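*Asks:* Fold the following and give me the result.
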Amino acid sequence: MAGVAVPSLVVSAAAVVVALRFSAIPSSVERAMIFPTALNPFIWGAWNALYIALRRWRIPIGWFGASLAILLIVSGVVLAHMLGLTFVTIRGAALVVVPIAATYFVLWKYVVAMLNRLLGASA
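*Replies:* Numbers count the residues shown, from 1 in each chain. Sure, this is the predicted structure:
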């Protein structure tokens, strides 16, 4: 639950902001957004379960979360290239890696870690 709660709230808030800010999103962009948006909470939950399973390695949770951001961005670029989505570029991904990884670091270090402690899933 700790890993799934955060992205569900963040994705819902982002969806409201996008809906209010951009009234006419091209259909190709909408189609490209649906799958990752639906899959992201599952991935966070699985990543958190992996973190709990690997806690004996003493990996800091913030860095573990930041590595998920990098993995998701690289996977997204590869998948977009395979699907022929030309608006997703390596340059664009390179521009968002640092801010997204920093955001994931903070969310994992403070929010997911707190939820893990609350649920008794931390070391």
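
*Asks:* Quick one: mean pLDDT for stretch 18-25?
*Replies:* When pLDDT is averaged over stretch 18-25, the result is 71.

*Asks:* Now do the end-to-end distance for it.
*Replies:* One end of stretch 18-25 sits 9 Å from the other (CA to CA, to the nearest Å).

*Asks:* Let me see the ranges of the helices in this structure.
*Replies:* Counting by DSSP state H, residue ranges of the helices within the chain are 2-21, 27-53, 61-83, 90-106, 113-119.

*Asks:* can you redo these as TSV with mean neighbour count?
*Replies:* In short, each C-beta sits where N, CA and C put it, glycine included. Conversion of the helices of the chain to TSV gives the following (neighbours: other CB atoms under 10 Å):
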stretch	mean neighbour count
helix 2-21	15
helix 27-53	15
helix 61-83	17
helix 90-106	14
helix 113-119	15
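
*Asks:* Pick out the shakiest of those helices, pLDDT-wise.
*Replies:* helix 2-21 (a mean of 74).

*Asks:* And the contacts of that helix?
*Replies:* When contacts are taken as CB atoms under 8 Å, 6 or more residues apart in numbering, the neighbours of helix 2-21 outside the stretch itself are 25, 37, 40-49, 51, 107, 111-112, 115-116, 118-119, 121.

*Asks:* If we use 7 Å, what do you get?
*Replies:* The contact list for helix 2-21, computed with CB atoms under 7 Å, 6 or more residues apart in numbering, reads 37, 40-41, 44-45, 47-49, 107, 111-112, 115-116, 119, 121.

*Asks:* Thank you, goodbye.
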